[in-house]
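K.L.:
Sequence and predicted structure, then a few things I'm wondering about:
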Amino acid sequence: MIALALKLLWRDWRAGELTLLFAAIVIAVGSLTTVGFFTDRVRLALTLQSNQLLGADLSIVSDRPFTNEFAAEAQTRHLQVTSALRFPSMVTRGGDSLLSDVKVVAPGYPLRGEVRLADTLFGQNRVAHAIPERGTVWVDDRMLTRLNVKPGDALGVGKIRLRIAALVTQEPDSVIGFLNSAPHLIMNEADVAATGLVQSGSRVRYRLYVAGDTAAVDAYRQWADAHIGAGQNIEGIRDARPEIRSALERAERFLGLAALVSVVLSAAAIALAARRFVRRHLDGCAVMRCMGARQALIVSLYFTHFLALATIAGIAGCAIGYLAQFALATWLGSFLAVALPWPGLAPGWQGLAAGVLLLLGFALPPMMSLGRVSTLRVLRRDLGVPGGAGIFGYALGLSVICAMVLWQARDLRLGAYVLGGFLAAAGVSVLVVLAVLHLLSRVRADGGVSFRYGLANLRRHALGNTIQVVALALGMMALLTLTLIRGDLLHSWQATLRPDAPNRFIVSIQPDQVQALNAFFAAHGVGQPELFPMVRGRLTAVNGRAVSSADYNEDRAKRLIDREFNLSWGDHMQPDNRIVAGKWWPAGSGGDELSVEEGIARTLDLKLGDRLTYDVAGSTSHGRGNF
Amino acid sequence: MQAIGLTKQVAMSDTQLTILDEVSFDVASGEAVAIVGASGSGKSTLLGLLAGLDTPSSGVVRIDGADLFELDEDGRAALRAQWVGFVFQSFQLLPALTALENVMLPLELARADDARAKAHSIIERVGLTARAAHYPRQLSGGEQQRIAIARAFVAQPKLLFADEPTGNLDSATGTQIIDLMFDLNRERRGTLVLVTHDEEISRRCTRSLRLAAGRLVVA
């Protein structure tokens, strides 16, 4: 039976009967596996790197220097300890300068994983057995190419010049992720004081690395949990790189839903193509029944036929998805500073299963009617398609689509929105078709013969026509949704930027550099830049009462309390600011008033006239709220 | 084959339409019987009942002693596989299959050995070896009917039903087709039941059954 089914499959394929079905499955599986293979590669990259992602077993991040007790406690527990700090700074080479991510490391770094170095771009890799020597730095490939430098050249970092000793090709705790990688430099902690870059108010992140016996690390984590303050976080392997995980999840969800749109489109095509296939094979099945083929044989033949078709088309779709994910990886490669390993087989199996389920879901109901075909059809071709379950016959296919949407959305509410939208579109399409058929029946008498004949045909095949219109409407809606989402996303991204938004920002300008900066701009005739004073401070009290993240339920409020605010000051209000409550202070007033952004005030439940206390680099500032 | 009191009625909106009314006759092995009559006299309905493609309102059809309508749909299919071949007015070749594959199909469904060789042999007998690899759409009407005849005879049925086999052909081609069908039937000593409104063809049969308004007027 299988041999005969495969023969029939080959004969149908050769005669072009299966092209549409095949293409629909290939597109559905190809879309799903493209996204599946790509996200699998990124996930594998994260897993592979997780053991050395932190450069330690545990790391504590802080926005202020650590007190000695953290390292001392680790040492008493016989754990290895080292530290690093990280800040953005301009790195110069001759007349060129580059905003860079500077990492200052102490001996012992990294405690886990390894730093790999090379002498030239794409040169031979070697493991670094120590941190950069005093007076030297290691740079990454972006800095090497952007500043057009090579090992041996000197770079200006703050007030001193440091020689490039090597190119970093791999390091723990590296900046990997979407949209946030800057050229990168590693230097010895012994040199940092001389750079003069770490000063009060500098945007520095401090990191303490701890490694050792698992139980001792766990115990230390418990101790540290109880001793960290606001602005300090503990990261273990488990919670490493949450920003990448959430970026990946968002990307996966968006790409997955985009893929699903093509699946819905393909499902509509599969439903229509399967219907067409069945109609074209009714006569043949009736002839086979005349020749003595039993009903079960016909059903088995075409079940095997469709299963084989789905498998072959699924494999082709997987192959296309596998190749297409390379294009996706290349496209997103500029956002990913991480080498992607080869993907696993799981997305392929999932795509294959999706292809088979889609085809069987939408083709089984019409296929069953092939088995029920009346033998009398060989004598009376006017006999229609054997009665089936009508539109409910597609319940299986619709269930498959529902399950796939929920699976891909990974969120019941989001999945329900998508499904609700499509079901509503299907419902509206059915109503429109029925209304149009009804309206057309009333104008029947007015048309010509061919018009009346056409209308009669439309009504006679009302169910089939309705299914076709619904399938086409869903397909159109899927396409339009994708177009709108893409356009809408682009629009909302663009809308967040004012037309006169600056192209460049200069950060971390120290007071003694302002004059030289202004002179530079004047010399180059590009207008005087507007400088904003900036200092980082933590909100510690409201109306004299100390606040902590535990006082708030909302996640954003907790985050706002735990991190430092960027605070600025000035006499006059910026033209693009708007006061929503209270009033701006008069120029030259005492300076005990504050203006707080409306959203932050709402999140933190701040009222007009509240007295806010900020901790700025250890000193306390107060002010009354304005909005 | 024996037909006893075959009646077929169809419910209309407000009445029962009688298409066949108490039709009874026997067909002996090796006979060639023509069913003739005007359009709408019930010829094709009778053929459908005799072949077990349709069920009667009442009456019995026995083939080699087996009551067709005591069998279920699959039982009748099994009996057809063993006994029956068909030639249709509209040829009923499968469009996705070549001429050779169409002829092979009954053998393949019966899981017979040497389907290809047997099909080739009978295609040669109907004179279309050169067209074996062609699709039905590439064949003329006469050629399609030759292939349909080859398909009907390839499984060596004891009973051949033919429904207006020349209805879609010009008279010259029709004559060749009828010659071929009678020759093959004679060579295989089969029984032939033929529906036609062509008196010339009916005269070539052993006897004719004439239907008028669903009743047998000459048996």
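P.N.:
Thanks, I have it.

K.L.:
Quick check: B:Ser39 touching B:Leu211?
P.N.:
No. Taking contacts as Cβ atoms under 8 Å, B:Ser39 lies outside contact range of B:Leu211: 10.8 Å. Heads up, the C-betas are built off the backbone N, CA and C, glycines and all.

K.L.:
Which one's more surrounded, the two?
P.N.:
Per other Cβ atoms under 10 Å in any protein chain shown, whichever of B:Ser39 and B:Leu211 has more neighbours is B:Leu211, with 25 against 7.

K.L.:
Just the pLDDT at that one, thanks.
P.N.:
For B:Leu211, the model assigns a pLDDT of 89.

K.L.:
Name the SS class of B:Thr173, please.
P.N.:
At B:Thr173 the chain is in helix, as set by DSSP: H, G, I helix; E, B strand; the rest coil.

K.L.:
Any idea how far apart the tips of stretch A:206-221 sit?
P.N.:
Length of stretch A:206-221, first residue to last, Cα to Cα, to the nearest Å: 17 Å.

K.L.:
Output the set of residues of chain B in proximity to chain A.
P.N.:
B:44, B:47-48, B:51-54, B:73-74, B:77-82, B:84, B:86, B:88, B:90, B:92, B:94-98, B:101, B:105-106, B:108-110, B:135, B:155, B:163 (Cβ under 8 Å from any Cβ of the partner chain).

K.L.:
show me where chain B has helices.
P.N.:
B:43-50, B:73-83, B:99-109, B:115-125, B:141-154, B:171-187, B:199-203 (DSSP state H).

K.L.:
who's in contact with the second one?
P.N.:
Okay, so that is helix B:73-83. A:289-296, A:375, B:51-52, B:63-64, B:66, B:68, B:71, B:106, B:109-110, B:155, B:157-159 (Cβ atoms under 8 Å, 6 or more residues apart in numbering or on different chains).

K.L.:
So A:Asp213 versus A:His78, what's the distance?
P.N.:
Going from A:Asp213 to A:His78 by Cβ to Cβ, to the nearest Å gives 8 Å.

K.L.:
Could you do A:Asp576 as well?
P.N.:
56 Å.

K.L.:
thought A:Gln510 was touching A:Gln199?
P.N.:
Yes. Taking Cβ under 8 Å as the definition, A:Gln510 is a contact partner of A:Gln199 at 6.8 Å.

K.L.:
Three-state assignment for A:Ser441, please.
P.N.:
Applying three-state DSSP: A:Ser441 is helix.

K.L.:
Now for it: which residues touch it?
P.N.:
A:Leu455, A:Arg459.

K.L.:
Give me the buried positions along the helix or strand where A:Leu85 lies.
P.N.:
For A:Leu85, the host element (DSSP states H and E) is strand A:80-93. Neighbour-count burial for strand A:80-93 flags A:81-93 (criterion: 16 or more other Cβ atoms under 10 Å in any protein chain shown).

K.L.:
do the same with stretch A:148-168
P.N.:
In stretch A:148-168, counting by 16+ other Cβ under 10 Å, buried: A:149, A:151, A:154-158, A:160, A:162, A:164-168.

K.L.:
Tell me which two of those sit farthest apart.
P.N.:
Comparing every pair within those by Cβ to Cβ identifies A:Gly158 and A:Leu167 as the most remote, at 21.6 Å.

K.L.:
can you tell me which residues contact A:Ala403?
P.N.:
A:Ala403 touches nothing, counting by Cβ under 8 Å, 6+ apart.

K.L.:
Give me the neighbour count for the residue of the stretch 301-450 of chain A found nearest chain B.
P.N.:
In the stretch 301-450 of chain A, the residue that lies nearest chain B is A:Thr375 (4.2 Å; Cβ to the nearest Cβ). By the criterion of other Cβ under 10 Å, A:Thr375 has 25 neighbours.

K.L.:
Specify the stretch among the helices of chain B that is closest to A:Ser450.
P.N.:
Per Cβ to Cβ, nearest to A:Ser450 of the helices of chain B: helix B:141-154, 28.0 Å.

K.L.:
Give me the angle between the closest one and helix B:99-109.
P.N.:
Angle of helix B:141-154 versus helix B:99-109, following axes from the mean of the first three to the mean of the last three Cα atoms, to 10 degrees, is 20 degrees.

K.L.:
so what secondary structure elements neighbour helix B:141-154?
P.N.:
Using 3 or more Cβ pairs under 8 Å, 6 or more residues apart in numbering or on different chains; DSSP states H and E, the elements in contact with helix B:141-154 are strand B:84-87, helix B:99-109, helix B:115-125, strand B:159-163, helix B:171-187.

K.L.:
gap between that helix and the chain center?
P.N.:
Helix B:141-154 sits 12 Å away from the centroid of its parent chain (Cα atoms, centre = their mean, to the nearest Å).

K.L.:
List the contacts of that helix.
P.N.:
With Cβ under 8 Å, 6+ apart, helix B:141-154 has contacts from B:85-88, B:91-93, B:99, B:102-107, B:118-119, B:122-123, B:125-128, B:131, B:136, B:139, B:160, B:162, B:165-166, B:168-169, B:173, B:176-177, B:180-181, B:184-185, B:188.

K.L.:
Done for today, thanks.
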